[in-house]
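Asks: When you get a sec, could you give me coordinates for this:
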Amino acid sequence: SSGTASSGTGADEAKAGAPPVVWSDVLRPAGLRTHLGDALRYLVDKERGGQIAGIVVVSDGNGNAGVDYRQAVDLAQNAGIPLYSVGMGSPKRPRDVRLVDLEAPPRVYPGDMFSVVGYLQASGLKRDKAEQITTMIYDYLLAANMQSITTCQLGYLTYMCLEQEASRKAARRYLLWSEFQRSARPLLLMICGTVGTGKSTVATEVAHLLDLVRIQSTDMLREVMRMMMSKRLLPVLHKSSFQAWKALPIQDVKDRDKDQVVADGYHSQADLLAVSCDAVLQRAEEESVPLIIEGVHVHPGLLNRAPQDGEAILVHATLAVLKPKELKSRLRGRGVKVPQRRAKRYLNNFDSIWSLQSHLLSEADRHDTPIITNTDKEKSIQQIILHVNYELSRHFNGTPGDVFGEVVDRVREHGVDAAWHEMVPLMIDA
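Replies: Alright, predicted model coming up:
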């Protein structure tokens, strides 16, 4: 967008010998930012108290930098300076080209319906920063009048923009994610936690950001097994994970350590579910399909059962709520939102749930897998994504040239130290 604000004095133009103003040149858009509010405020401050008939604003009404133009309008009104607006530009907003999954045609053209999202959030960037970087790249592409751009060109441009506008760590994570996306290796993400820790919610959000099309809940696997195995045959399978100990053949329960009994009951049920979990993970790896499997039964020990020499990228995390009052509040909330979840039953067995969580945290420490305190959903999601990127760094170590191809060498021929936006025109020839 473009905007020009000028005072109505015409003093400069009235000087003898001044060349005529070629308005078609003056009003031609230039640059990438419109400081409409700043321009108005400057003129109001400059002409305040002077002999001024008004200010003529030639603009499409949009501003993308500086102060809000409405603040400047208020200043003009308070100073008694009238504003006259002349509208220009197209009433249609430009198409929003978002950098999201880096899955796009080999070449795209203006007007094409496509979604190119470089998964900036998937590389660990916060949403507001990801949107800022995306907007900057988009604006520079428009200003350079790029008619088409390949995904490799766009990827390298994004990498350089991140390195210069965000941080080298952010650029490195983006490079890792881009390299991983170009590989055929599946990501298998396992999220563990007791009832009320937000496993399903976090898993759904992470799946959306990472474009993982499959989510498997161990609760659903347990329901299938319950249909196949009767309660008389496997009573421990037909109990909740925190009540599974009640189905154990223990005669002296009162004389035993309650925490250990809860843990024994959990492992008895989790061992039964491990067979189904193994099958799901194995099938996902064979088909090279990314997957999230979430549930209380996703014990950290599943990592040891998975093939270590396979192609899959294995990631495990345990969610926890470390304050009893907060966990109780969440359990009450489950009953309000979904009455079928029977919050009262959870609250009556809260001691067992808390004991089970403590055991799972100890197991996570023993297996050296991360524990994520889920007090803030957005932060928890970002922590999981950062952990995914950490695991990717153990498997991928490509250079920009390895990931984005010959476009890197072609652009670097013009100078390695160039600012990222100076590379945009070079992309046309690269």
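Asks: just to confirm, which helix or strand has D139 in it?
Replies: Following DSSP states H and E, one finds D139 within helix 127-143.
Asks: from the chain's centre, how far out does that helix sit?
Replies: Remark: helix 127-143 is offset 15 Å from the chain centroid, using CA atoms, centre = their mean, to the nearest Å.
Asks: so how far is the following helix or strand past that helix off the chain centroid?
Replies: Counting by DSSP H and E, the next helix or strand C-terminal to helix 127-143 is strand 149-150. Relative to the centre of its chain, strand 149-150 is centred 23 Å away, using CA atoms, centre = their mean.
Asks: Which other helices and strands does the helix or strand that strand 149-150 is followed by contact?
Replies: Where DSSP H and E defines the elements, the next helix or strand beyond strand 149-150 is helix 151-165. Using 3 or more CB pairs under 8 Å, 6 or more residues apart in numbering; DSSP states H and E as the contact criterion, the elements in contact with helix 151-165 are helix 127-143, helix 168-182, helix 400-404, helix 407-412, helix 423-429. Placement of C-beta: from N, CA and C, glycine included.
Asks: Pull out the buried residues from the helix holding D139.
Replies: Buried residues in helix 127-143, counted by 16 or more other CB atoms under 10 Å: K129, A130, I133, T134, T135, I137, Y138, D139, Y140, L141, A143.
Asks: and the closest residue to the second one other than its chain neighbours, helix, strand or coil?
Replies: Excluding the flanking residues, the one nearest A130 by CB to CB, 6 or more residues apart in numbering is L120, at 3.7 Å. Classification of L120 using DSSP: H, G, I helix; E, B strand; the rest coil returns coil.
Asks: list the contacts for L120?
Replies: Listed by CB atoms under 8 Å, 6 or more residues apart in numbering, the contact partners of L120 are L99, K129, A130, I133, T134, T158, L162, Y174.
Asks: Can you give me the distance of it to E131?
Replies: 8 Å (CB to CB, to the nearest Å).
Asks: With L248 instead?
Replies: 52 Å.
Asks: do the same with N348
Replies: Distance from N348 to E131, by CB to CB: 45 Å.
Asks: mean confidence score for stretch 279-290?
Replies: Averaged across stretch 279-290, the pLDDT comes to 92.
Asks: As a markdown table, the contacts of L120 with pLDDT would be great.
Replies: Shown next, in a markdown table, are the contacts of L120 (pLDDT from 0 to 100):
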| residue | pLDDT |
| --- | --- |
| L99 | 36 |
| K129 | 85 |
| A130 | 85 |
| I133 | 87 |
| T134 | 85 |
| T158 | 90 |
| L162 | 92 |
| Y174 | 92 |
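Asks: starting at the chain centroid, how far to stretch 261-275?
Replies: That offset, for stretch 261-275, works out to 34 Å (CA atoms, centre = their mean).
Asks: so the biggest strand by length in the chain versus helix 168-182, what angle?
Replies: Taking DSSP state E as the criterion, the chain has its longest strand at strand 313-320. Relative orientation of strand 313-320 versus helix 168-182 (axes from the mean of the first three to the mean of the last three CA atoms, to 10 degrees): 120 degrees.
Asks: Just the CA coordinates for whatever helix or strand comes next after strand 313-320, please, in PDB.
Replies: Next helix or strand after strand 313-320 toward the C-terminus (DSSP H and E): helix 324-337. Provided in PDB are the C-alpha atoms of helix 324-337 (Å, rounded to 0.1, in the frame of the first residue of the first chain):
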ATOM      1  CA  PRO A 324      -2.900 -30.500  43.300                       C
ATOM      2  CA  LYS A 325      -5.400 -27.600  43.400                       C
ATOM      3  CA  GLU A 326      -4.900 -27.000  39.700                       C
ATOM      4  CA  LEU A 327      -5.300 -30.600  38.700                       C
ATOM      5  CA  LYS A 328      -8.400 -30.900  40.800                       C
ATOM      6  CA  SER A 329      -9.800 -27.800  39.100                       C
ATOM      7  CA  ARG A 330      -9.100 -29.400  35.700                       C
ATOM      8  CA  LEU A 331     -10.900 -32.600  36.700                       C
ATOM      9  CA  ARG A 332     -13.900 -30.600  37.900                       C
ATOM     10  CA  GLY A 333     -13.900 -28.800  34.500                       C
ATOM     11  CA  ARG A 334     -13.900 -32.000  32.600                       C
ATOM     12  CA  GLY A 335     -17.200 -32.900  34.400                       C
ATOM     13  CA  VAL A 336     -18.700 -29.500  33.500                       C
ATOM     14  CA  LYS A 337     -17.700 -29.600  29.800                       C
END
